[in-house]
Every structure is written in C-alpha cells, then in structure tokens.
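Visitor: Provided below are the primary sequence and the corresponding predicted coordinates.
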Amino acid sequence: MYYIDMNTTQTTKERAGAVVISALQGLQTQYLDEQHSADALVDEQTRNLQALVRAAATLTPSAQAQFCQYFVLDFALDGQLYVRRGAHQRAAAHLMAEAAAAGIVVVG
C-alpha cells in the first residue's frame, strides 16, 4: 500500500518515481556531455595525425624513408613529433629542419 496525499493527486510512489527519473536524466545529460567531449578530442587528434601525414608526404623521398626511423609516432596525437631516443643526431637534425619546413612540429 502507499499513501495518497489529499492535497495533490500524486502519490508518494509517483513522487519517488519522478525523483528517480530526474536523477537518471541528470546522469544521461552528464554522460552525453562527457561523450561529446571525448568525441571532440578524438576528432582533434585525428585532424592532427592527418595534418602530420599530409606534411610528411611533402618531404623528399630520402626524408620519407628515414621518417619513422628517427621519430616516435606513438605520441603524434598532439600533432608533434618526438626524436627517437638513440637516433643519429646529425641525420635527425637534418630531417628536423626539413620537417619544420614542411610544417611539422618536432620536439626534442
């Protein structure tokens, strides 16, 4: 059994249901906001990688051949390249200059 309030036509059971629905709608809104933020981040990272690939395609053939040898691509989601640890510094420096001319940001 449940209590019927004479001042309103809503029962306590209906009010409890409305509270639960309101809470669930709040959670759904929060989830959709977080999903939108995550999608925006993925879109930005995809654009960064695509720009990086387009810029790398403009490098000379010899630079393209050395590209993966000297740079770490694992962290390229931010649109920047990092010099691979232990890479031949003189060759990497030459490639860094060519990459910079192509619009690629090289860190390190």
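Guide: Structure's in. What do you need?

Visitor: can you give me the helices in the protein?
Guide: Ranges of helices in the chain, per DSSP state H, are 12-57, 61-70, 89-101.

Visitor: any idea of the mean pLDDT for the shortest one?
Guide: Along helix 61-70, the predicted confidence averages to a pLDDT of 76.

Visitor: may I have that helix as CSV, with CA atoms only?
Guide: Taking Å, rounded to 0.1, in the frame of the first residue of the first chain, the C-alpha atoms of helix 61-70 are listed here in CSV:
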residue,chain,number,x,y,z
PRO,A,61,61.9,10.6,-50.7
SER,A,62,65.0,10.2,-48.7
ALA,A,63,63.5,12.0,-45.7
GLN,A,64,60.3,10.0,-46.0
ALA,A,65,62.4,6.8,-45.8
GLN,A,66,64.1,8.0,-42.6
PHE,A,67,60.9,9.5,-41.1
CYS,A,68,59.9,6.5,-38.9
GLN,A,69,63.5,5.7,-38.2
TYR,A,70,64.2,9.0,-36.4
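
Visitor: could you save the helices of the chain as a markdown table and add columns showing distance to residue 82?
Guide: The way it works is simple: take the backbone N, C-alpha and C, and place the C-beta from them, glycine included. Converted to a markdown table, the helices of the chain look like this (distance: least, CB to CB, whole Å):
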| stretch | distance to residue 82 |
| --- | --- |
| helix 12-57 | 12 |
| helix 61-70 | 10 |
| helix 89-101 | 11 |
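
Visitor: any buried residues in stretch 53-67, and which?
Guide: 55-56, 59, 63, 66-67 (16 or more other CB atoms under 10 Å).

Visitor: check those and tell me the two furthest apart.
Guide: Comparing every pair within the buried residues of stretch 53-67 by CB to CB identifies 55 and 66 as the most remote, at 15.0 Å.

Visitor: and residue 105, how many residues sit next to it?
Guide: Neighbour count of residue 105, defined by other CB atoms under 10 Å: 15.

Visitor: equivalent analysis for residue 52, please.
Guide: The burial count for residue 52: 23, using other CB under 10 Å.
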